[in-house]
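> Curious how this folds, go ahead:
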Amino acid sequence: MTTSAVGGNWAGNIHFDAPRFAEPTSVDELSTLVKGASSVRAVGTRHSFTRIADSADLMISVAALPGGLHIDADRAVASVPGGWRYARLARELDARGWALGAMASLPHISVAGAIATGSHGSGDTTGSLASAVVGLELVRADGELMRIARGDDGFDGSVVSLGMLGIVTRVELQIEPAYAMTQVVDTGLDWEAALADLDAVLGSATSVSLFTNWRDARRIDQVWRKSRVPLADAGTALHPPPPLPGTVRATTAQHPLQGESGESCTDQSGAAGPWFERLPHFRAEFTPSHGDELQSEFFVPRARAVEALELMRRIGPTIADLLFVGEIRSVRADELWLSGAYGGDVVGIHFTWKPMEPEVRAALPAIEDALSEYGARPHWGKVFTSSPESLASVYPRWRDFAHLRALWDPRGVFCNPLVREWGF
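The predicted structure follows:
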């Protein structure tokens with residue numbers, strides 16, 4: 001069914017301009033819609049802060065496509081509908097004794113949308129959500145359903161694709177046996193101590209997030225540490241890892257944003273519990289983060305992370321009034337052409353902004369210019385102002401992706417004004 005009820009994004013800063021919206025209930029219907037449209041973009045759970053999903057003609061959601069979860073135990077691969085949210089996928093995997101190696105801070109996001117924009121969790125040995133992809137099914141511009149798998153020509157360019165190659169209907173993900181996790185929060189980490197051995201801090205648990213308001217150049221507000229433990233320990237009270245040197249262990253539920261209730265966040269007691277109830281920061285049944293906000297994020301090479309963070313300590317006070325909070329996380333390298341972690345391990349420097357878009361956009365060029373010295377790459381689903389030239393300069397496979405896009409979609413059906421603005 002096609003309607004004009006397009007709506008906006010979850011944060012409320014975008015109202016989409018697409019004149020038509022459709023939620024097909026079969027792949028055949030999806031194919032017909034794609035073939036008959038002059039411009040098509042897929043929209044997931046609307047957790048982007050830009051017009052990346054907007055279209056000059058038709059916006060499509062795949063949330064109503066039929067099909068369930070299929071597991072190939074011999075290959076440790078799960079096939080899942082692209083429109084599913086990670087919260088649903090995680091629960092169904094866990095019920096069958098399987099798990100994902102990573103989840104983002106929000107379990108609310110859709111599988112296809114998250115991988116297309118390079119979304120990620122945290123961990124020195126943890127890749128982005130897209131790095132778990134071993135196969136995709138998608139409807140191309142000619143309406144044909146195709147499958148591409150790891151090892152095929154063009155696969156590394158087809159995963160983090162910004163929706164420019166087709167409408168993804170199913171995703172095949174590498175999975176592993178279910179495990180348990182603990183989570184604790186330490187407060188008041190000394191910045192000098194953290195930067196003196198950043199590897200030790202970021203490697204102190206399976207997943208580590210540093211939260212700072214960038215106003216205080218002496219202390220990092222919170223350090224969230226998520227650690228794997230044997231599945232047999234789930235539901236038990238373990239001895240949690242000791243606080244990081246100089247910090248104080250939080251004894252009540254914390255929220256990354258000052259003044260917000262920790263009720264919406266995943267368990268931080270140190271007790272062992274299911275992996276999917278510890279890996280995300282936020283619980284699926286609550287509005288994540290603040291809700292009424294903007295976000296930006298920039299990935300810098302791990303080898304330059306200390307320099308970049310020192311720079312942010314100097315810039316921080318000038319932008320602090322615009323911020324709810326900042327977050328620092330590590331992500332393992334991958335070989336996906338448009339991934340923020342392409343070719344090397346990175347550290348993500350994330351900003352959760354107050355809903356002051358003109359002021360945020362005015363502040364971003366100075367941050368982007370400063371971080372450009374370190375080869376920073378922006379998160380595709382969040383707000384940035386980088387030029388096409390600067391974007392192309394930090395992605396070694398930029399031309400290869402442009403060639404793949406032209407080959408798969410010569411009419412530019414899956415382009416929109418924003419991706420053209422970025423240089424595609």
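
> check contacts around Asp57.
For Asp57, the contacting residues are 18-20, 37-40, by C-beta atoms under 8 Å, 6 or more residues apart in numbering. Using the backbone N, CA and C atoms, a C-beta is placed for each residue, glycine as well.

> which regions of the chain lie under the pLDDT threshold?
Within the chain, the ranges that satisfy pLDDT under 70 run 1-5, 287-291.

> picking that back up, scan the contacts of Asp57 and report the most crowded one.
When those are compared by neighbour count (other C-beta atoms under 10 Å), Val40 ends up highest, at 29 neighbours.

> any idea how far Asp28 is from the nearest residue to that one once chain neighbours are set aside?
Nearest-residue entry for Val40: Leu58, 5.0 Å, with adjacent residues in sequence omitted and distances by C-beta to C-beta, 6 or more residues apart in numbering. In this structure, Leu58 lies at 16 Å from Asp28, with C-beta to C-beta, to the nearest Å as the measure.

> Between those two, which has more neighbouring residues?
More neighbours surround Leu58 than the other of Leu58 and Asp28, with 21 against 12 (other C-beta under 10 Å).

> my guess is the more buried one meets Leu30, correct?
No: using C-beta atoms under 8 Å, Leu58 is not in contact with Leu30, being 10.9 Å away.

> what about Thr187, is that helix, strand or coil?
In three-state terms, and counting by DSSP: H, G, I helix; E, B strand; the rest coil, Thr187 is strand.

> mind listing what Ser55 touches?
For Ser55, the contact set (C-beta under 8 Å, 6+ apart) comprises 16, 18, 39-41, 416.

> before we move on, back to that, among the contacts of Asp57, name the ones in strands.
Judged by DSSP state E, the contacts of Asp57 include 20, 40 as members of strands.

> Nearest to Gly83 among the contacts of Ser55?
When the contacts of Ser55 are compared for distance to Gly83, the smallest value, 14.3 Å, is given by Arg41; criterion: C-beta to C-beta.

> What's the separation between the residue nearest to the closest one when sequence neighbours are not counted and Ala112?
Across the structure, with C-beta to C-beta, 6+ apart as the measure, the residue nearest Arg41 apart from its sequence neighbours is Ser55 (4.0 Å). Applying C-beta to C-beta, the value for Ser55 to Ala112 is 16 Å.

> surely Arg51 meets Val419?
No: contact between Arg51 and Val419 fails when scored by C-beta under 8 Å: they sit 9.5 Å apart.

> residues in contact with the residue nearest the centre of the chain?
In the chain, the residue lying closest to the centroid (C-alpha atoms, centre = their mean) is Ser119, at 1.9 Å. The contact partners of Ser119, taken as C-beta under 8 Å, 6+ apart, are 104, 109, 113, 128-130, 379, 381.
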